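Engineer: Give me coordinates for this.
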Amino acid sequence: MRNIYISVILCLFSLCSVTAQNKTLARKLYSQGKYAEAKPMFEKLLKKTPKSGELNFWYAVCCLETGDSVDVRPLFELAASQEIVNAYRYLGDMLHAERNIPAAIEYYENFVDATDNDSLCRIYQKKLSEATRYRRKVMNCEKICVIDSFVVEKNNFLSAYKMGSDVGSITTNALFFDDETLPGYLNLSERGFDIYFSDIDEDVELMKLFHNSKVGEEWGRAVQVKGFDTNGNDDYPFMLADGVTLYFASDGEGSIGGYDLFVTMLDTETGRFLRPDNLSMPFNSTANDYMLAINEVANIGWFASDRNQPEGYVCVYVFIPNPDKVRYDEALGFETLQRYADISSIADTQVDEDVVRRARQQLAMMMFDQETKQNKNEFVFVIDDNYDYSELSDFKSEEAKTLFKEWLEATRQLKTNIALLEMKRDEYASANKTVKSDMTQDILTLENTIEEEEQRLKDVECEIRRIEQEEIYK
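Structural biologist: Okay, the predicted model is just below:
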C-alpha cells in the first residue's frame with residue numbers, strides 16, 4: 001500500500017513538473033511575440049486550470065494578436081477580477097473602441113493606478129485624459145435643432161451651403177485667386193471689402209489664417225491673424241456680419257479628433273483676436289468638423305462633418321443657431337447624450353414642429369433665391385421671329401430695357417412664391433386638422449397673389465415686345 005501512495009505522489013509531482021515546464025515555455029514564446037506558437041499551449045493549460053487569471057490573460061492576448069475570433073472580453077474580465085494589471089488596459093481599449101467611454105475611463109484609471117511600467121503609464125494617462133475630456137464634452141452637449149442634412153462629395157461640399165444674399169460668400173483659395181495650386185478656403189464679406197483665408201505659414205509649415213481688406217479697387221497686404229496659436233493647421237474661416245466673431249476649424253490644441261470648430265472674437269482696440277473656444281458637441285466630434293457659417297438674418301447655420309460617412313463624402317448639417325447656449329440635462333445620462341452629440345437622428349433634435357417648418361420654408365426660399373440670382377443674367381427673351389435677346393445690351397429701347405429688368409426681377413419673385421406655395425401644399429397634406437385650419441387661408445391668399453401676378457407679368461411681357469419692336473422697325 002505504501003508503494004502505491006509513493007507512486008501516486010510521484011505521478012502527481014511529475015504532472016505538476018510537466019505543467020510548470022509547459023507554462024514556462026508558453027510564457028517564453030509569449031514574451032518573444034510568438035503568439036501563434038504560444039496560443040495552443042495556453043489553451044491546453046486553461047483546460048486544466050480554467051480560472052487562472054494569468055492564463056486567461058495570456059491566452060486572450062494571443063487570440064487578439066493572431067486574429068482569432070474567440071470572444072476575449074470574458075477572459076480579460078476574469079483576469080481583471082484577479083487584479084492582473086494589464087487586463088485593465090486591454091479592457092479599457094476595447095470599451096473605448098465600442099464608445100462605452102465611462103466604462104473605459106474606469107479601467108484606464110485602474111491601470112494607471114496599479115501599473116509599475118512608466119512608459120505604458122504615460123501612454124494611458126494621455127488616453128485617460130482624452131477619454132475624460134470627451135465624456136465631459138458629451139455631458140455638456142449643446143441643444144440645437146437640425147432642420148436638414150445633405151451628404152455630398154467632400155471635394156464639392158460647398159455646394160450645400162445655400163446661404164442667400166444676406167451674408168458673404170465662401171469659396172476655395174484656388175477659385176478666388178485663380179490658382180489651382182493653392183490649398184485652403186476663403187470667406188468674402190457681404191460688401192466684398194474683406195476676406196479671411198488660410199495660407200501656409202512657411203515658418204511653421206502649417207496652415208494659418210490671414211486677413212486682407214480692399215481699399216478702393218485694390219487689395220491691401222494680407223496680414224496673419226494674431227492673438228492665438230493653436231499649434232496646428234487652421235482653415236475654413238467664416239466671419240459673421242458683425243466683423244468681430246470669427247469661426248474656423250483647427251486640428252491643433254483643444255481638438256478632440258481631426259479638425260474641430262472654434263470661435264474667437266476680435267478685440268477692436270488692439271486688432272488681435274482672443275483665445276479661441278472649442279465649440280461644444282454636437283458641432284465637434286472625433287471625426288473632422290469644419291466650415292461653420294451662419295446667416296444671422298435668416299437665423300440658419302451650416303457646418304460640415306465626415307462623421308459616419310464613407311471615404312470621400314461629408315454630411316453638411318443645417319441648423320438653427322441658439323441666441324444663447326442651451327445644454328441638455330445631464331440627468332439624461334451619457335448614452336442618450338452621446339446620441340445627441342453624434343446627431344444620430346436629426347428628428348430627435350426637432351422638438352418644435354412650427355419652428356422647424358418655418359426654418360425649412362426660410363431655407364427653401366434662400367436656396368431658390370440664390371440659384372435664381374446666380375442665373376439672373378442668363379435669359380432668352382423672344383422679341384419676334386427675327387430677334388431673340390440674351391443680354392441687356394441687346395435692347396435698342398431704354399424704356400423696354402428698364403421695363404424688362406423690372407419684369408425679370410418680378411418673375412424671379414413669382415418663382416420664389418410658387419416654390420413656397422408648393423412647400424406649403426406638401427406640409428398641408430401631412431398636417432393635422434389644427435395646422436391645416438391655420439394654413440388654409442395662407443395658401444388661398446398665396447394662390448390668388450400668384451394668379452394675379454402671372455397675368456400682370458404676361459401683360460408686361462407683351463408691352464416690352466411692343467415698345468422694342470417700335471424702336472427696331474421705326
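
Engineer: any low-confidence regions in the stretch 251-400 of the chain?
Structural biologist: Within the stretch 251-400 of the chain, the ranges that satisfy pLDDT under 70 run 368-378.

Engineer: mind listing the strands for it?
Structural biologist: 260-267, 272-273, 277-278, 289-295, 300-305, 313-320, 381-382, 388-389 (DSSP state E, counting those that start in this stretch).

Engineer: Reformat the ones you listed into JSON lines and put distance to residue 175 and mean neighbour count next to each item.
Structural biologist: Heads up, the C-betas are built off the backbone N, CA and C, glycines and all. What follows is those, written out as JSON lines (distance: least, C-beta to C-beta, whole Å; neighbours: other C-beta atoms under 10 Å):
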{"stretch": "strand 260-267", "distance to residue 175": "23", "mean neighbour count": "20"}
{"stretch": "strand 272-273", "distance to residue 175": "26", "mean neighbour count": "16"}
{"stretch": "strand 277-278", "distance to residue 175": "29", "mean neighbour count": "15"}
{"stretch": "strand 289-295", "distance to residue 175": "15", "mean neighbour count": "24"}
{"stretch": "strand 300-305", "distance to residue 175": "17", "mean neighbour count": "25"}
{"stretch": "strand 313-320", "distance to residue 175": "18", "mean neighbour count": "21"}
{"stretch": "strand 381-382", "distance to residue 175": "30", "mean neighbour count": "16"}
{"stretch": "strand 388-389", "distance to residue 175": "30", "mean neighbour count": "15"}
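
Engineer: now those in TSV, with distance to residue 121?
Structural biologist: Listed next are these as TSV, based on distance: least, C-beta to C-beta, whole Å:
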stretch	distance to residue 121
strand 260-267	27
strand 272-273	38
strand 277-278	27
strand 289-295	31
strand 300-305	34
strand 313-320	38
strand 381-382	77
strand 388-389	78
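
Engineer: These: which one's closest to residue 355?
Structural biologist: Between residue 355 and the strands of the stretch 251-400 of the chain, the shortest gap by C-beta to C-beta is with strand 313-320, which sits at 6.9 Å.

Engineer: just checking, what packs against that closest one?
Structural biologist: Using 3 or more C-beta pairs under 8 Å, 6 or more residues apart in numbering; DSSP states H and E as the contact criterion, the elements in contact with strand 313-320 are strand 145-153, strand 300-305, helix 353-374.

Engineer: Determine which stretch of these is the most buried.
Structural biologist: Most buried of the helices and strands packed on strand 313-320, by mean neighbour count (mean count of other C-beta atoms under 10 Å): strand 300-305, with a mean of 25.

Engineer: Check which helices and strands that strand sits against.
Structural biologist: Contact here means 3+ C-beta pairs under 8 Å, 6+ apart; on that basis strand 300-305 packs against strand 289-295, strand 313-320, helix 353-374.

Engineer: same thing but at 6 Å, please
Structural biologist: strand 289-295, strand 313-320 (3 or more C-beta pairs under 6 Å, 6 or more residues apart in numbering; DSSP states H and E).

Engineer: Make a markdown table from the helices and strands packed on strand 313-320 and add distance to residue 84 to it.
Structural biologist: Shown next, in a markdown table, are the helices and strands packed on strand 313-320 (distance: least, C-beta to C-beta, whole Å):
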| stretch | distance to residue 84 |
| --- | --- |
| strand 145-153 | 45 |
| strand 300-305 | 39 |
| helix 353-374 | 53 |
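
Engineer: Residue 226: which of the ones you listed is closest?
Structural biologist: strand 300-305 (25.2 Å).

Engineer: could you give the angle of the closest one to strand 289-295?
Structural biologist: Computed with axes from the mean of the first three to the mean of the last three C-alpha atoms, to 10 degrees, the direction of strand 300-305 lies at 170 degrees from that of strand 289-295.

Engineer: Could you save the helices and strands packed on strand 300-305 as a markdown table and add columns showing distance to residue 123?
Structural biologist: Compiled in a markdown table, the helices and strands packed on strand 300-305 are given as follows (distance: least, C-beta to C-beta, whole Å):
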| stretch | distance to residue 123 |
| --- | --- |
| strand 289-295 | 26 |
| strand 313-320 | 31 |
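
Engineer: how about those strands, which one is nearest residue 461?
Structural biologist: Of all the helices and strands packed on strand 300-305, strand 289-295 sits nearest to residue 461, with 33.1 Å by C-beta to C-beta.

Engineer: can you list contacts of the closest one?
Structural biologist: 163-164, 166-167, 236, 238, 247, 249, 259-261, 301-305, 321 (C-beta atoms under 6 Å, 6 or more residues apart in numbering).

Engineer: Let me know how buried residue 226 is, in neighbour terms.
Structural biologist: As a burial measure, residue 226 scores 12 neighbours (other C-beta atoms under 10 Å).

Engineer: Can you tell me who the closest residue to residue 280 other than its chain neighbours pairs with across the strands?
Structural biologist: Nearest residue to residue 280 in three dimensions, chain neighbours excluded: residue 142, at 4.5 Å (C-beta to C-beta, 6 or more residues apart in numbering). Note on residue 142: beta-bridge partners by DSSP bridges are residue 327.

Engineer: Tell me the spacing between residue 142 and residue 336.
Structural biologist: Using C-beta to C-beta, to the nearest Å, we find residue 142 at a distance of 15 Å from residue 336.
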